[in-house]
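1. Next input, structure requested:
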Amino acid sequence: MTKPQVFQVPRSAEGITDILRHLSLAIPDRAGYLAISQSEASKFSEAVTKVANKAPDSETVLEYVRNVIAAAHPDARTAAAMTGYRAIEIVTLIDIAKREGRSFRNAVRMVLADGNRNEQGTALAYLQSLIEENGVSADSFGTSTSNNEASQLDVIKQEHPQGSTPVGNVRELRPEKQSPQHA
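-> Have a look, this model is predicted:
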């Protein structure tokens with residue numbers, strides 16, 4: 001009978017990465033690890049070790065680890081950028097993820113999935129409201145905290161001058177769907 005592997009609390013990102021791989025969890029990038037170190041200090045590495053060693057409270061601790069990883073992973077920043085918050089700090093995402101838990105993780109997953117547009121829109125709105133609740137203001141992406149739809153249209157107009165908008169391109173590709181006045 002083999003002894004189960006016992007993990008020591010890692011003192012580096014490499015050590016944490018080894019344990020995360022052992023647990024088949026996502027691996028944050030360098031910026032994610034820096035934010036984890038800044039916001040969680042040694043609490044995160046201790047939690048990862050508890051989960052790997054199957055401590056009595058490891059299921060609860062695993063939720064914490066998953067939340068922190070989800071926020072520190074580049075996917076969370078991509079999802080935040082899709083809501084108009086490109087410059088959000090990872091530490092803020094970690095705080096949101098710890099507070100919201102699985103709902104945050106699911107919203108990030110749904111925003112990045114190529115699935116149902118209604119679900120994606122709902123997830124985007126949810127993430128945007130969470131970010132705004134944390135007092136983060138929108139950056140120059142084109143979305144303001146008042147959720148002004150006109151500003152998003154202004155961005156499209158700036159990116160596609162002289163009427164070459166994505167909508168115009170769709171009309172060109174699908175002439176059978178045009179009304180007689182647009183033909």
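2. Skip the chain neighbours and tell me the closest residue to residue 47.
-> Once flanking residues are discounted, residue 47 sits nearest to residue 61: 4.9 Å by Cβ to Cβ, 6 or more residues apart in numbering. Bear in mind the C-beta positions are built from the backbone N, C-alpha and C, glycine included.
3. cool, and residue 67?
-> residue 97 is the one closest to residue 67 (Cβ to Cβ, 6+ apart), at 4.2 Å.
4. again with residue 96
-> Spatial nearest neighbour of residue 96, chain neighbours left out: residue 130 (5.2 Å); criterion: Cβ to Cβ, 6+ apart.
5. Please tell me how far that neighbour sits from residue 45.
-> Distance of residue 130 to residue 45, given as Cβ to Cβ, to the nearest Å: 26 Å.
6. how is this structure carved up into domains?
-> Split into domains by automatic domain parsing, the chain comes to 13-141, 148-183.
7. pLDDT below threshold where in the chain?
-> 1-2, 137-183 (pLDDT under 70).
8. Pick out the residue closest to the middle of it.
-> Closest residue to the average C-alpha location of the chain: residue 76 at 1.6 Å, with Cα atoms, centre = their mean.
9. Contact partners for that residue?
-> Residues in contact with residue 76, defined by Cβ atoms under 8 Å, 6 or more residues apart in numbering, are 70, 90, 93, 97, 108.
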